[in-house]
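Asker: no sequence for this one, just the structure:
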C-alpha cells in the first residue's frame, strides 16, 4: 500500500477535511495562514490546515456556549442516540480513519485501526453511560425539609489532545463531555489534526447539532490562552507533557476552571525472579514498543531481579531483534517512525548520557538505515537510577534494564520519581501481586499484562502525572457539577 495512493483515495472519501470547524461550518484561519502536516514515514507534506489563533478560538467558544443551552436540555436518551450514531459511523469508516492515522502519525496500520476501535469504544461506552447520571435524595434533618442532589453538566469544555493517539485521546474526553450535556472546543495537535477533523465530520453526519463539537488548531499558545481566559469555558481537559499541564493548571486559576490533566509518566516494569519468563517478555515488549515507545504508559524503566536478569535480558533482546521497522503501510511492520526529528534527538541525547555513565547498548542504539525519523529498537543494560533514561520519559523505542535485589528495593526505585501514571509487575506470587500493587504510587498497575488500557476502567495518574480520571463510570464525574436543593415548608397542607 503506497502512502500517496492512500492519501489520494482518502481525499475523495469526504473524510479528508483541511479546515477548522466552528459552529458547524468548515472555515480557514481568518488571516489565511496555514501549517503543513507531514507524513513522518516519508517526509512528504500530506495537507495544509489553518493556523488558527485567539480570534478563531473565541468564536469557537461562543458557538459552543450558544449550543450548550439546547444540548444540555436534551434528554439523556436523546444525547445517547446521537453518540451511538457517531460510534456507528466511526466503526463503519475504521479502515479509512486508520489509514489517516498511519499517514499523519506513522504507527503501523494494524495498530492504527486498533486505535479507531479503541477510540470509538469511548463513544459507545459513554453513549450508554449518559443514561446513568443519577442524583441523590438525602434524609432530611427536619420534618418539613426535603434534600435533593442533582448532577448537571459543567458547561463548555476546552479539550486539548496530543499527537500519539490522534483519535482515542479526543474521544476519551469528548465522549463523556457530550454524554453529560457539555459542549466542546477541541484542539488537536498541529502534528496530527486530520484524524480529529475526520472524526468531527462524522459527528456532524451523526446529527450532533452545530456548535456542540468545534475544532481549532494552529498556534497552540494563543489557542490555550483564549481557552484559559474565557469565562464561558468552565473546564479544561488536557493530555500531554507535565510542563504544559502545569502552565494550563496555573492559567486556569484566573477564572477558577475545573481541570483534568493526563500528563507524562515514567512507568516502571518490574520483573521478579518468580515471573513466567515468556509472559514477562511478551508483556514487557507490548508495554515498551507499542507506538514506537511513544505512549505515556510505555514501560520506561524495566527493573529485573538479579536471579532472572541475564535470562530475561537475553530472551527480551531476541524478541526485540525480530521487531520489523518501516512505513506503517508495509505488511508485517510493527514499529513506525518517531513523530519528528526532535523526538529522535531526544532519544540520542538519552542514549549518549547513559553510555557515558556506564550503560551498555545490547541492541540498536542508533538511527535506522531507513533514515528520516526511524530509530532502531534498542535495549540498554546496566542502567542506573541517576541516568536521564531512568529519570525522564524517553518517548522512543528504547528499553533500559535496571538490576535489583529485593522487593523493597524494587518498590523504592519504582516510586523514586515525580511521575505516577502506569506501572507493571510480573510475578507468579499472588500475595506479592497484591502487596506490590498497593505499594506502587501509580494510578494504573498491570499485573502480568502489558496492555491494560480500556474504556471500562479509570485511566489517570497520581503525583505529577495528573489529576482526574478518564474512561469508566468515574470519567463522567469530571464533566458534572453537584447541585444541592433544599425544599422547605414541606409540611403545609
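Answerer: Done, it's in. Quantities reported herein were computed from a predicted structural model and do not represent experimental measurements.

Asker: Does anything pack onto whatever helix or strand residue 438 lives in? Which helices or strands?
Answerer: Following DSSP states H and E, one finds residue 438 within helix 430-439. Under the contact criterion of 3 or more CB pairs under 8 Å, 6 or more residues apart in numbering; DSSP states H and E, helix 430-439 touches helix 407-415, strand 422-426, strand 444-447. In short, each C-beta sits where N, CA and C put it, glycine included.

Asker: what does that helix contact?
Answerer: 270, 272, 274, 407, 410-411, 415, 425, 427, 445, 447-448 (CB atoms under 8 Å, 6 or more residues apart in numbering).

Asker: where in this structure is pLDDT low?
Answerer: Where the chain drops to pLDDT under 70, the residues are 1.

Asker: which one's the longest helix in it?
Answerer: Longest helix in the chain by number of residues, with DSSP state H as the criterion: helix 109-129.

Asker: for it, packing partners?
Answerer: Short answer (3+ CB pairs under 8 Å, 6+ apart): helix 109-129 packs on helix 76-92, helix 94-105, helix 168-180.

Asker: out of these, deepest packed?
Answerer: helix 168-180 (a mean of 29; mean count of other CB atoms under 10 Å).

Asker: what pairs with residue 402 across the strands?
Answerer: Residue 402 has these beta-bridge partners by DSSP bridges: residue 303.

Asker: That one against residue 301, yeah?
Answerer: Yes - with contact defined as CB atoms under 8 Å, residue 402 reaches residue 301; the gap is 5.9 Å.

Asker: quick one, what contacts the residue most central in space within the chain?
Answerer: By CA atoms, centre = their mean, the chain has its centre lying nearest to residue 169, at 4.0 Å. Neighbouring residues of residue 169 by CB under 8 Å, 6+ apart: 161-162, 239.

Asker: Same check on residue 241?
Answerer: Counting by CB under 8 Å, 6+ apart, residue 241 touches 263-264.

Asker: Now it, what are its backbone angles?
Answerer: Dihedral pair for residue 241: phi -70, psi 150, per degrees, to the nearest 10.

Asker: when you give positions from now on, start the count at 51
Answerer: New numbering, starting at 51: the last item is residue 291.

Asker: From residue 445, how far out is it?
Answerer: 10 Å (CB to CB, to the nearest Å).

Asker: sorry, back to before: make JSON lines out of the helices and strands packed on helix 159-179 and add distance to residue 104.
Answerer: What follows is the helices and strands packed on helix 159-179, written out as JSON lines (distance: least, CB to CB, whole Å):
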{"stretch": "helix 126-142", "distance to residue 104": "29"}
{"stretch": "helix 144-155", "distance to residue 104": "25"}
{"stretch": "helix 218-230", "distance to residue 104": "22"}
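
Asker: if we can go back for a sec, now list whatever residues contact both of residue 452 and residue 351.
Answerer: Joint contacts of residue 452 and residue 351 (CB under 8 Å, 6+ apart) are 433, 440, 463.

Asker: Just the buried residues of stretch 321-329, please?
Answerer: Residues of stretch 321-329 classed as buried by neighbour count (16 or more other CB atoms under 10 Å): 321-323, 325, 329.

Asker: just the residues you listed now: which is nearest residue 225?
Answerer: Of all those, residue 225 sits closest to residue 329, with 32.5 Å by CB to CB.

Asker: Can you report how many residues neighbour the residue lying closest to that closest one once chain neighbours are set aside?
Answerer: Nearest non-adjacent residue to residue 329, counting by CB to CB, 6 or more residues apart in numbering: residue 498, 5.6 Å away. Here the count is done by other CB atoms under 10 Å, and residue 498 has 16 residues near it.

Asker: Mind listing what's buried along the helix holding residue 488?
Answerer: 483, 486, 489.

Asker: likewise stretch 76-90?
Answerer: Result for stretch 76-90 [16+ other CB under 10 Å]: buried residues 76-79, 84-85, 87-90.
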